[in-house]
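Student: the following comprises the amino acid sequence and a computationally predicted model.
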Amino acid sequence: MSLGNIMLTAVIVAAVVYIGIIVTGMIALWPYGVVGLAVLGFFGLIFGAVVFQRVTNKEDRHYIENVKE
């Protein structure tokens, strides 16, 4: 495993922990945290849609597999 992959994994783990802490704080501030949870959920849905579109795009897959730099 290269250093780049190790660092990417570390950044992803840190982001997941950070988002978990934010969600826990929003739940602790329940009446007011609902707005924050809604915003966080909205950004999560957008992120998921972008990742799904990127993974399932046939044109991008063609360039990744066939075009050499």
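Tutor: In hand now; what should we look at? Here the structure is a predicted model, which is why all the values come from computation and not from measurement.

Student: please count neighbours and contacts with C-alpha atoms only from this point.
Tutor: Fine.

Student: any idea how far residue 38 lies from residue 47?
Tutor: 14 Å (C-alpha to C-alpha, to the nearest Å).

Student: same deal with residue 20?
Tutor: 16 Å.

Student: what do you get for residue 66?
Tutor: 27 Å.

Student: just want the most central residue of this structure.
Tutor: residue 47 (5.8 Å; C-alpha atoms, centre = their mean).

Student: how near is that residue to residue 41?
Tutor: For residue 47, the distance to residue 41 - C-alpha to C-alpha - is 10 Å.

Student: okay, now residue 37: neighbour count?
Tutor: 18 (other C-alpha atoms under 10 Å).

Student: report pLDDT for the nearest residue to it once chain neighbours are set aside.
Tutor: Spatial nearest neighbour of residue 37, chain neighbours left out: residue 26 (6.5 Å); criterion: C-alpha to C-alpha, 6 or more residues apart in numbering. pLDDT recorded at residue 26 is 85.

Student: flag every buried residue along the one helix or strand residue 26 maps to.
Tutor: If you go by DSSP states H and E, residue 26 is part of helix 3-28. Across helix 3-28, burial judged by 16 or more other C-alpha atoms under 10 Å covers 22, 23, 26.

Student: now the element after it, going C-ward?
Tutor: Trace forward from helix 3-28 with DSSP H and E and the next one is helix 30-56.

Student: list the buried residues for that next one?
Tutor: 33, 36, 37.

Student: with respect to residue 12, which of those is nearest?
Tutor: The closest of the buried residues of helix 30-56 to residue 12 turns out to be residue 37 (C-alpha to C-alpha; 20.2 Å).

Student: quick check: which ranges of the protein have low pLDDT?
Tutor: 69 (pLDDT under 70).

Student: pull the CA atoms of stretch 17-29 into CSV?
Tutor: Taking Å, rounded to 0.1, in the frame of the first residue of the first chain, the C-alpha atoms of stretch 17-29 are listed here in CSV:
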residue,chain,number,x,y,z
VAL,A,17,-15.2,10.8,12.9
TYR,A,18,-15.6,14.5,12.5
ILE,A,19,-19.0,14.1,10.9
GLY,A,20,-20.0,11.7,13.6
ILE,A,21,-19.1,14.3,16.2
ILE,A,22,-21.1,16.9,14.4
VAL,A,23,-24.2,14.7,14.2
THR,A,24,-23.8,13.8,17.9
GLY,A,25,-23.7,17.5,18.8
MET,A,26,-26.7,18.2,16.6
ILE,A,27,-28.7,15.5,18.4
ALA,A,28,-27.6,16.9,21.8
LEU,A,29,-29.0,20.3,20.7
